[in-house]
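Q: Kindly return the folded structure for what I paste below:
(2 chains)
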Amino acid sequence: MKDLKHLIYFENLLQQADNELVEQGRKDGKLALGYTCYFVPETLLNLPGCFSTRLRAPNTGSIDVGTYYMTNKICSYTRSILERGIEGGYNYLDALLSSETCQMMHRGHEHFELLGLVKNNPKFFMSMMDVPFSDSDNAVDHYEDQIKTKLLQPLHDVYGVDISDDAVRKAIEDHNEISAIITEIGDLRKLPNPPITGYEFHVLTLATYACPKRLVLDKLQETLEEVKRRVPDTDKKYRARVMVIGSEIDDPGLIKLIEDTGALVVADRFCFGSIPGRQEIPLTDGEDALTQVIRFNLKSTQCPRQCAQHRVQNRWDTAARLMKEYSADGAIYEQMKFCTYWSYERAMAGYIMPREYGMHVLSIDRPYIAGQSGQLRTRVQAFIESLEIKKINEGKGEAK
Amino acid sequence: MAYDPKTGKGLGRFYDADHRAFKFREWKGLKDTLYDYGRWMYLYCFMAAQLGPYAPQMVKGMLRYRWLVPYLTAANMVDRHTIGQRGKELQYSHKQFFSVLHHSVIKVKEIMQRDANLNGNSKKAEALRNNTVMFDEMTPSLIMMGFPTLDWIDIAMMSVGMPSEVDQNSCVYYIDAIEHFGLAPDVCPEPATECGVAVTDDYPRVGKCYVTSSMPCDGAVQQTALMSRYLKDVDIFQITPPQRINEPEVQDYAVKNLKKAIKFIEDEMGVKWDWDAFWKNAEMYNQMAECMIEKWDVNATDYPQVCGAALALQREFEFMGAACMDKYMLKTDLEVTKMMHKGYEHDSKLGVNKPKYRCIVWACPAHYYTNFANWADLCWGVRCVNDMEAMLSYLPITIGDKEQALKDLARCYERMMMRSHTNGGYVNLLDELWKMCDRFNVNIVIMYDHVSCRNVGGLHGLFEDEARKRGIHLIWVPHDVMDPRTVSRREMRDAFNKYMINVFREEPLDPTLLDYEDNLSW
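A: Below you'll find the predicted structure:
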């Protein structure tokens, strides 16, 4: 396929957290609001006058200092974020909005406060929310209270941010605008011969998490038109279609590694992916916009932190539905090494999905930056081969 | 002093690399040996009296459940915690441990009476099951204070928690089973073991419904997810207290959540919450908490009395296992508290029994080495005057005011074992340690370095930095909670020895305890 016109531009934006569009956003007088977890509703960090920046630590080298503070039993994403913070990589932040959701990132963020990691901004603050473990009505009410107390009110008090219902509705509209583009591009992956690779799609999606959305909108729109017109290679280049499910991936190198083995990543059901995260939020007039965002977030999350029976079932059903929608041949359940939530989810899925949903599953753990892992490549390669063989055998069976 | 410098005989000689039990019983002098042996006999007589009538179920149970066998070695657990002790110290330990075992034995009996796996089609067992609520180990059953006509059994405490403290190798099979199932070996072995018991179908079926929770950490949350699937034939409720426990604005949610739990039990079991019973039980809870605080107060003086595991384990089981509703435990608590005050008066008057060094224990301890603090005292004279695990909810429940009482009950859940420190931010774990060092006048902290714990590990460097600033000795002792194969008891001792020798330049009080092999022992 012909290269995407803006791919290199988007790739370059992902080379550092404090990229040129983040700088541009700051110069435009907008507040840079950092976060790492889906449970901090991204939409609300994009209120008028603000933009969200989901923290990444691209091109991470040594994480020795992060390891000193947090030990080597903490996931390398958290340690990399801390290391980058200690290096001064997040000095551009005006606030860090966090939640006591996963123990490791919670502790990681506490270091921002205790070590005073964000310099040069006397107004910088960080806030830690309590997030419920379920999606019941009580949980929605509690979550909403927390968002008001820990996120909206401080933004208003410290920076004068407009937190009215109109402002929230505007933020949702903006979110929906960018989500519509990503969803439209993403849906093209459902085609038998998609005009976009998993790697390219991940780069685009990541850019929307890492940059002020307004500033990537025009190029994304252009890319959408380009992808729609793009002529895929006549011969399928991939050997198997896979869905990737699991914990945080903000390194497109991992998707590239998977695709280099002959797979095509057609669905991205992981943190920093588009499912969930880039769905439009349905908005009605009869209820506070805030309540609607909150409920949407609690209901749409696919994080294993929600452990109620119906939520666990929802995750498995969602995975199976996506497999079907995207015509995936198999699923790669991945977890960042040391992620407790995904360790369990991965183990259960590895047992349940093949038996009860007939899904072919590869189960892997990986470090934060995994694009160069030979071991991982071999495992994925073997999985792709097995999917290919299964397809051949199934074909033979049908022929008979 | 149990070590005789003339003969070179010390307590290390009781351990044998080739045997599980001690080589022989310790001679503690006539009076103490008689007392010690009497308690040993009494424990086994009690077990025989309680469990004897259920001999067929016990035999079937031991063939069915691996975790049941370690209960036979309960006396060895007491021996490990009383070795080297004399006089009042020996009596505190025996009484404290017996109250724990007393409760456990009765619970084992209740399992034998109800278990569907052991009782076939027994109508009697079925009727008992229909009146019983099952609980998860990390979910205190305090909510049962308002349900006097119902029984409850903490199935994970009885099959994982207690056996892991009785026999160091009791969890190994279950850990292997869950890892074989696909769970990463780097997660905390405690919830992993509980899941291992599930995947091997080794939980007794003793109740009509199951109450679990999201406590205290990520591992427990996920254990709940797996257990929900394992017990899919019974209705399940998850108590999910807020995590920012110091913040007043989260408390309403905590109470609402608890009310839902009460409603769940009411609906499932067809009974109503009984406030009169609740007040009565809350009163008992308050008395037990008061006893705990009195023990802390005495231990903060120069003459600590009830120390080490005798203090911590008893409180853990009293709160987590018995939900402060065990009358025998209360009786023991009152008795030990009285003895302790007498002991304190004696020691302070004569100026005797002052510990050489004082320490507190912080972070999650090794279940397979609960007597580590006793060893540190005997080998190095480092006496543990308090333990983070014992510092769980201690504030009283308000009697008579229903809304306030529910808030207090919610607080008990929020501040249950471990969670009171690991949730709610660094102030509860990091800052609290320095406060406790001041409160208990210690400059040594046995810092349990649980090799899979993300929560405490995530503050490791800050602990180091702050301790250095404050001149506090943090002695990191690695362990893997339920899995002695990762870090053995011997390796734990070695870490401590190295610090005492190299940093303190100390000589051991009992050199025979410096290094010995006990990998095989219970």
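Q: only C-alpha atoms for contact and neighbour calcs from this point on.
A: Will do.
Q: residue ranges for the helices of the stretch 201-350 of chain A, please.
A: A:213-229, A:252-260, A:289-300, A:309-325, A:340-357 (DSSP state H, counting those that start in this stretch).
Q: so which of those gets nearest B:Ala310?
A: helix A:340-357 (32.1 Å; C-alpha to C-alpha).
Q: Give the buried residues for that closest one.
A: A:Thr340, A:Tyr341, A:Trp342, A:Ser343, A:Tyr344, A:Glu345, A:Arg346, A:Ala347, A:Met348, A:Ala349, A:Gly350, A:Met353 (16 or more other C-alpha atoms under 10 Å in any protein chain shown).
Q: Need these in JSON lines (columns: pLDDT).
A: Converted to JSON lines, those look like this (pLDDT from 0 to 100):
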{"residue": "A:Thr340", "pLDDT": "95"}
{"residue": "A:Tyr341", "pLDDT": "96"}
{"residue": "A:Trp342", "pLDDT": "96"}
{"residue": "A:Ser343", "pLDDT": "96"}
{"residue": "A:Tyr344", "pLDDT": "96"}
{"residue": "A:Glu345", "pLDDT": "96"}
{"residue": "A:Arg346", "pLDDT": "96"}
{"residue": "A:Ala347", "pLDDT": "96"}
{"residue": "A:Met348", "pLDDT": "96"}
{"residue": "A:Ala349", "pLDDT": "96"}
{"residue": "A:Gly350", "pLDDT": "96"}
{"residue": "A:Met353", "pLDDT": "97"}
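Q: Tell me how many other residues crowd the closest residue to B:Glu506 other than its chain neighbours.
A: Excluding the flanking residues, the one nearest B:Glu506 by C-alpha to C-alpha, 6 or more residues apart in numbering or on different chains is B:Met500, at 5.7 Å. By the measure other C-alpha atoms under 10 Å in any protein chain shown, the count of residues near B:Met500 is 17.
Q: which of the buried residues of helix A:340-357 are close to chain B?
A: A:Thr340, A:Tyr341, A:Ser343, A:Tyr344, A:Glu345, A:Arg346, A:Ala347, A:Met348, A:Gly350 (C-alpha under 8 Å from any C-alpha of the partner chain).
Q: hang on, the fourth one packs against B:Thr224?
A: No. With contact taken as C-alpha atoms under 8 Å, A:Tyr344 and B:Thr224 are classed as non-touching, separated by 10.3 Å.
Q: can you give me the strands in the stretch 1-150 of chain A?
A: Secondary structure of the stretch 1-150 of chain A (DSSP state E, counting those that start in this stretch): strands at A:31-35, A:50-54, A:95-99, A:125-129.
Q: Quick check: which of the ones you listed is nearest to chain B?
A: Evaluated over those, closeness to chain B peaks at strand A:125-129, with 7.5 Å, by C-alpha to the nearest C-alpha.
Q: Can you point out the buried residues in that closest one?
A: A:Phe125, A:Met126, A:Ser127, A:Met128, A:Met129.
Q: what do you get for stretch A:362-370?
A: A:Leu362, A:Ser363, A:Ile364, A:Asp365, A:Arg366, A:Tyr368, A:Ile369, A:Ala370.
Q: hang on, the fourth one is in a strand, isn't it?
A: Yes. With the criterion set as DSSP: H, G, I helix; E, B strand; the rest coil, the secondary structure at A:Asp365 is a strand.
Q: Now it: closest residue in space that isn't a chain neighbour?
A: A:Gln335 (4.8 Å).
Q: what sits against that neighbour?
A: A:Gln335 makes contact with A:Gly246, A:Ser247, A:Glu248, A:Trp342, A:Ser343, A:Arg346, A:Ile364, A:Asp365, A:Arg366 under the criterion C-alpha atoms under 8 Å, 6 or more residues apart in numbering or on different chains.
Q: Looking at those, which one is closest to chain B?
A: Using C-alpha to the nearest C-alpha, the contacts of A:Gln335 come closest to chain B at A:Ser343, 5.7 Å.
Q: neighbours of the residue in chain B positioned nearest to chain A, just the number please.
A: As assessed by C-alpha to the nearest C-alpha, chain A sits closest to B:Gly461 within chain B, at 3.7 Å. The tally of other residues near B:Gly461 (other C-alpha under 10 Å) stands at 17.
Q: count of residues packed around the spatially closest residue to A:Asp250 that is not a sequence neighbour?
A: Of all residues not flanking A:Asp250 in the chain, A:Phe272 sits nearest, at 6.1 Å (C-alpha to C-alpha, 6+ apart). Other residues lying near A:Phe272 total 27 when counted by other C-alpha under 10 Å.
Q: State the phi and psi torsions of A:Phe272.
A: phi 80, psi 10 (degrees, to the nearest 10).
Q: which parts of the stretch 101-250 of chain B sit against chain A?
A: Counting by C-alpha under 8 Å from any C-alpha, the stretch 101-250 of chain B sits next to chain A at B:181-184, B:186-187, B:214, B:217-219, B:221-226, B:228-229, B:238, B:240, B:242-244, B:250.
Q: if you set the cut-off to 7 Å instead, what comes out?
A: B:181-184, B:186-187, B:218-219, B:221-222, B:224-225, B:228, B:240, B:242-244 (C-alpha under 7 Å from any C-alpha of the partner chain).
Q: coming back round to it: give the contact list for the residue nearest to A:Asp250.
A: A:Leu206, A:Glu248, A:Ile249, A:Asp250 (C-alpha atoms under 7 Å, 6 or more residues apart in numbering or on different chains).
Q: Would you mind measuring from the third one to A:Tyr209?
A: From A:Ile249 across to A:Tyr209, the span is 12 Å (C-alpha to C-alpha, to the nearest Å).
Q: ok, so of the ones next to chain B among the buried residues of helix A:340-357, who is nearest A:Val140?
A: The closest of those, once distances to A:Val140 are taken by C-alpha to C-alpha, is A:Tyr341, at 21.7 Å.
Q: list the contacts for the closest one?
A: A:Tyr341 neighbours (C-alpha under 7 Å, 6+ apart): A:Pro304, A:Arg305, B:Asp218, B:Gln222.
Q: Now do the host helix or strand of the last one: everything it contacts.
A: In this case it means B:Gln222. Applying DSSP states H and E as the criterion places B:Gln222 in helix B:218-230. Where contact means C-alpha under 7 Å, 6+ apart, the residues beyond helix B:218-230 that reach it are A:102-103, A:305, A:307-309, A:312, A:340-341, A:344, B:188, B:191, B:195, B:198, B:212-215, B:236.
Q: For the residues you listed, which PyMOL command selects only the ones that are buried?
A: Entered in PyMOL, the line below selects the buried ones among the contacts of helix B:218-230, by 16+ other C-alpha under 10 Å:
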select buried, (chain A and resi 102+103+305+307+308+309+312+340+341+344) or (chain B and resi 188+191+195+198+212+213+214+215+236)
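Q: still on that earlier bit, which residues are common contacts for A:Tyr344 and B:Thr224?
A: Common neighbours of A:Tyr344 and B:Thr224 (C-alpha under 7 Å, 6+ apart) do not exist.
Q: Could you figure out how far the longest helix along chain A is turned away from helix A:252-260?
A: Ranked by number of residues, the top helix in chain A under DSSP state H is helix A:374-399. Compare the direction of helix A:374-399 with that of helix A:252-260 by axes from the mean of the first three to the mean of the last three C-alpha atoms, to 10 degrees and you get 40 degrees.
Q: tell me the phi and psi of B:Asp274?
A: The phi/psi pair for B:Asp274 (degrees, to the nearest 10) is phi -110, psi 110.
Q: burial of the closest residue to it other than its chain neighbours, as a residue count?
A: Distances taken as C-alpha to C-alpha, 6+ apart put B:Gly146 closest to B:Asp274, at 4.9 Å, once the chain neighbours are dropped. Counted by other C-alpha under 10 Å, the residues lying close to B:Gly146 total 20.
Q: Report pLDDT for residue 234.
A: Just going to use chain A. In this model, A:Thr234 is scored at 80, pLDDT.
Q: should've been chain B
A: 94.
Q: if I pick it, what's in contact with it?
A: Contacts of B:Val234 by C-alpha under 7 Å, 6+ apart are B:Lys208, B:Cys209, B:Tyr210.
Q: Dump the residues you listed into JSON lines; add neighbour count as well.
A: As requested, the contacts of B:Val234 are exported to JSON lines (neighbours: other C-alpha atoms under 10 Å in any protein chain shown):
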{"residue": "B:Lys208", "neighbour count": "22"}
{"residue": "B:Cys209", "neighbour count": "23"}
{"residue": "B:Tyr210", "neighbour count": "26"}
